[in-house]
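Asks: Next one to model:
(one chain, ligands or ions: 3)
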Amino acid sequence: MNRIPQHVSIIMDGNGRWAQARGRERVFGHAAGVESVRACSEAAAEAGVKYLSLYAFSEENWNRPESEIHRLMELMMEAIRNETKTLLKNGIRLRVLGNRARLDESLNRAIDAVEEETASGSRMTLVIFLSYSGKWDILQAARRAVAERGAEGIADMDQEAFSQYLVTAGIPDPDLLIRTSGEQRISNYLLWQCAYTEFYFSPLLWPDFGKEAFREALEEYARRDRRYGKVK
Ligand code: IPE
Ligand code: IPE
Ligand code: MG
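Replies: Numbering: from 1, shown residues only. Ligands and ions are numbered 1, 2, ... in the order given. Below you'll find the predicted structure:
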């Protein structure tokens, strides 16, 4: 029985509401959310999950107030700085995927460095989606496919070949997608990759989503019956 999902993905939502419920600024919730990232990474690695991916910042999130965007990017930078050692120690490989052209030069450099440093981590791959959206991904894949193969080359391209142009090339599609904070929508996340993913919605706000909540989601996943359109 293969009941542990190979790839778990999380839409980490509810930081702002968590902070506002405490009479604090939204960014206070983002800082608190870093703890949940740590907890879920540990829980995933302990459970034997091979890929944990996290939606940290969407292309649409660029429309938020400048100060909030700045703090989120700063937190990303701090996390890279503070966690690289732990990633190395735990055999975790870090990948950061999204529209990297929109990120600051200094952040891009830090990302390149940590990706390179952790590249041999084989226990688990941690993927952070930053400045990512599903429609952007599909469009950039289509453009690259045409540029590389030409019109004739894409005429007979199958789904497997196309998926190699998505930023997630080489990463299996998510088996389980968790979204916190009670919202039940995909918000332009992994549109192509979630074609047959199991969805799990938690009412908990992201800073309240810890190890126990993560394990409960895995238990629920183990009870799901995946049919892929077939009959049993
Ligand atoms: C998720 O929390 C983090 C990001 C989208 C960057 P939110 O900031 O969306 O928090 P809510 O949904 O407003 O409570
Ligand atoms: C989705 O959360 C994006 C991330 C968690 C990074 P949002 O809070 O931006 O999504 P909407 O606006 O509620 O759909
Ligand atoms: Mg939100």
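
Asks: looking at it, residue 8 is touching residue 173, isn't it?
Replies: No: Residue 8 is not in contact with residue 173 according to Cβ atoms under 8 Å; the separation is 11.6 Å. The way it works is simple: take the backbone N, C-alpha and C, and place the C-beta from them, glycine included.

Asks: Between these two, which has more neighbouring residues?
Replies: Using other Cβ atoms under 10 Å as the criterion, residue 8 and residue 173 rank with residue 8 on top: 28 against 18.

Asks: Please say whether there is contact between the helix or strand hosting the more buried one and ligand 2.
Replies: Residue 8 is part of strand 7-11 when elements are defined by DSSP states H and E. Yes: Strand 7-11 reaches ligand 2 (Cβ under 6 Å from any ligand atom) through residue 11.

Asks: And the average pLDDT for that strand is what?
Replies: What strand 7-11 shows for mean pLDDT is 99.

Asks: Describe which strands that strand pairs with in its sheet and in which direction.
Replies: strand 51-58 (parallel), strand 176-179 (parallel) (DSSP bridges).

Asks: got TSV for those strands, with distance to residue 140, mean pLDDT and mean neighbour count too?
Replies: TSV is the format used below for these (distance: least, Cβ to Cβ, whole Å; pLDDT from 0 to 100; neighbours: other Cβ atoms under 10 Å):
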stretch	distance to residue 140	mean pLDDT	mean neighbour count
strand 51-58	15	98	23
strand 176-179	21	99	24
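
Asks: Name the SS class of residue 29, please.
Replies: helix (DSSP: H, G, I helix; E, B strand; the rest coil).

Asks: Ignore what I typed, I meant residue 191.
Replies: Going by three-state DSSP: residue 191 is coil.

Asks: before we move on, what about residue 215?
Replies: helix.

Asks: got the contact list for the closest residue to residue 25 other than its chain neighbours?
Replies: Excluding its sequence neighbours, the residue lying closest to residue 25 (Cβ to Cβ, 6 or more residues apart in numbering) is residue 19, at 6.2 Å. By Cβ atoms under 8 Å, 6 or more residues apart in numbering, the contact set of residue 19 is 25-30, 32.

Asks: Which of these sits closest to residue 136?
Replies: Distance to residue 136, by Cβ to Cβ, is smallest for residue 30 among the contacts of residue 19, at 22.2 Å.

Asks: per-residue pLDDT, the closest one?
Replies: On the pLDDT scale, residue 30 gets 98.

Asks: Report the residue spans of the protein with pLDDT below the cut-off.
Replies: The chain contains residues with pLDDT under 70 at 1-2.

Asks: Tell me the secondary structure at the residue in it that ligand 1 sits nearest to.
Replies: Closest residue of the chain to ligand 1, Cβ to the nearest ligand atom: residue 16 (2.9 Å). With three-state DSSP as the basis, residue 16 sits in helix.

Asks: thinking it is in contact with residue 26, fair?
Replies: Yes: between residue 16 and residue 26 there is a contact under Cβ under 8 Å: 4.0 Å.

Asks: Thanks a lot, catch you later.
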